[in-house]
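Visitor: pasting the sequence and the predicted coordinates here, then a few questions.
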Amino acid sequence: MRNKNSINFTEGKILSPLLMFCLPIFAALFLQAMYGAVDLMVIGQFDDAAGVSGVGTGSAVMMLVTTIINGFAVGTTVMIGRRIGENAPEKAGKAIGASIFLFAILSIVLTVLMLVYAEPLARLMKAPEEAFDETVTYVRICSSGIIFITAYNVIGGIFRGLGNSTLPMIFVAIACVVNIIGDLLFVAVFKMNVAGAALATIMAQMVSVILSLVIIRRQKLPFKFTLKDIGFHKEELKTIIKIGSPISFQDALTHFSFLMINAITNNIGLAESAGYGVAERVTGFIFLVPSAVMSGITAFVAQNYGAGKLDRARQGMKTGIFAGSIGGLVLFLLGFFFAEPLSSIFANDPAVIEQAALYLKGFSSDCLLTCTLFSFIGYFNGCGETTCVMLQGITASFLFRVPLSWLLANIEGASLMTIGFAAPLATVYGIIFCIVAYILISKKQNKIIT
């Protein structure tokens, strides 16, 4: 029996159910970006440029952890979506149990690594001397809450696989509210600065996970799941790792490439370092539309792939490209023409705002392209062709985005606006790669069917 908030993508219209599914994902991503951005907003108003740089660089490091976890969460989403598409929900219980087992181990490993290597990571990021201690403090405090980051992503991945994107939105909304209260209390009132912002973040994640578990207990799942299902289930773990590890590896390396760009800007100066940190927060919001489309396409394709409806899966991808690109055009206009007002939300230092706006103006054209790229990626994820996604991400990052950023940064008279152009140029390559991969994968799928 399907939960009333879950969507069956295998029959009926495509656009309206896809939009209904993507809108809560967009809202959840927006709130998730908000509770991360609130740290920077509050620090920008109550601390100096060193604090802004420390939170900006430190949160960029923590995003590396989140991307690794998210990659494996996609494996959970795809596997559960397939079971629903196959009309075999009874197998989903073991898939969830295997996911919890895997993520528990992953959270322990990541927590230890981040606590031990916080200082080397700050040095690798070339954190400015004035902001070095703040960066390390932020990373270490946030790392103590990795178990809650992991739990949230497991829960979100499970419900998206079921076609339910509403509950993950509720969970992150809870975190957003708690984080805002925590930031205002610890930073604005108690003057704990960077440490207060980090503490507010992990407190928000903890409260969100605890309340989400309470909410889940009241939900009627379309399959039986008990604590006995949690454990080492070889086949389920193998499938989740096979699908999730290439995505996790690709996402981690892609984010690492952005950390390298962060290091390039850190090496220029404190204002540029803080400006890039602010710009990254703004671009995080800009990427919400393509990210929501990608998650929606992944769930849509996974269900239809499980049901053997490949033509419908492909049509879902094309619909995502069309609908997402309209939103991308709006975001391009905002990013280019309103760069200064958007940057001033996160900082009050005129030099920092100027540098952030410069980067946004160079980067904003990427909005016109990313929805197409992410729709392809969502399709490949849903089909389980995640090795293709990994290859695209790695080559786009290390053959184009990072080298171009370095080259553009070393042009005489270069600015953050010049460096910002590296992202859309890398995305153009990514789209070409995906078109070729889509043609080859479609031929392979057609041969299997015939």
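Guide: Noted; the coordinates are in hand. Note that the structure is predicted; figures quoted are calculated from it, not measured. Numbering: from 1, shown residues only.

Visitor: got a list of what the closest residue to residue 62 other than its chain neighbours touches?
Guide: Residue nearest to residue 62 in three dimensions, not counting chain neighbours: residue 142, with 4.9 Å by Cβ to Cβ, 6 or more residues apart in numbering. The C-beta positions use only the backbone N, C-alpha and C, and glycine is treated the same way. When contacts are counted by Cβ atoms under 8 Å, 6 or more residues apart in numbering, residue 142 touches 58-59, 62, 198, 201-202.

Visitor: nearest spatial neighbour of residue 71, skipping sequence neighbours?
Guide: Leaving out its chain neighbours, the residue that sits closest to residue 71 by Cβ to Cβ, 6+ apart is residue 248, at 2.6 Å.

Visitor: which strands and helices sit next to the helix or strand harbouring residue 382?
Guide: Per DSSP states H and E: residue 382 is located in helix 367-383. Secondary-structure packing of helix 367-383 (3 or more Cβ pairs under 8 Å, 6 or more residues apart in numbering; DSSP states H and E): helix 49-85, helix 288-306, helix 310-337, helix 386-395, helix 422-449.

Visitor: rerun that using 6 Å as the cut-off
Guide: Taking 3 or more Cβ pairs under 6 Å, 6 or more residues apart in numbering; DSSP states H and E as contact, the helices and strands that helix 367-383 lies on are helix 288-306, helix 310-337, helix 386-395, helix 422-449.

Visitor: rewinding a little: what strand or helix carries the residue nearest to residue 71?
Guide: helix 234-266.

Visitor: which helices and strands sit right next to that helix?
Guide: helix 49-85, helix 92-116, helix 270-286, helix 386-395, helix 402-409.

Visitor: CSV for the helices and strands packed on helix 367-383, including mean neighbour count?
Guide: As requested, those are arranged in CSV below (neighbours: other Cβ atoms under 10 Å):
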stretch, mean neighbour count
helix 288-306, 27
helix 310-337, 18
helix 386-395, 21
helix 422-449, 16
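
Visitor: and of the helices and strands packed on helix 234-266, who's closest to residue 189?
Guide: helix 49-85 (16.0 Å; Cβ to Cβ).

Visitor: just the angle between the closest one and helix 270-286, please?
Guide: 20 degrees (axes from the mean of the first three to the mean of the last three Cα atoms, to 10 degrees).

Visitor: tell me the confidence at the nearest residue to residue 385 once chain neighbours are set aside?
Guide: Distances taken as Cβ to Cβ, 6+ apart place residue 441 nearest to residue 385, at 5.7 Å, with adjacent residues excluded. Residue 441 is assigned 89 on the pLDDT scale.

Visitor: next one: residue 441 from residue 79, what distance?
Guide: 19 Å (Cβ to Cβ, to the nearest Å).

Visitor: go on, residue 368?
Guide: Counting by Cβ to Cβ - residue 368 and residue 79 are separated by 33 Å.

Visitor: contacts only, for the closest residue to residue 404 other than its chain neighbours.
Guide: Leaving aside its sequence neighbours, residue 404 sits nearest to residue 422 (Cβ to Cβ, 6+ apart; 3.9 Å). Shown in contact with residue 422 (Cβ atoms under 6 Å, 6 or more residues apart in numbering): 401, 404-405, 408.

Visitor: out of the residues you listed, who's nearest residue 278?
Guide: Distances from residue 278 to those, taken by Cβ to Cβ, are shortest for residue 405, at 17.5 Å.

Visitor: check the burial of that closest one by counting its neighbours.
Guide: 26 (other Cβ atoms under 10 Å).

Visitor: quick one: buried residues of the helix holding residue 248?
Guide: By neighbour count on 16 or more other Cβ atoms under 10 Å, the buried set for helix 234-266 is 236-237, 239-240, 243-266.
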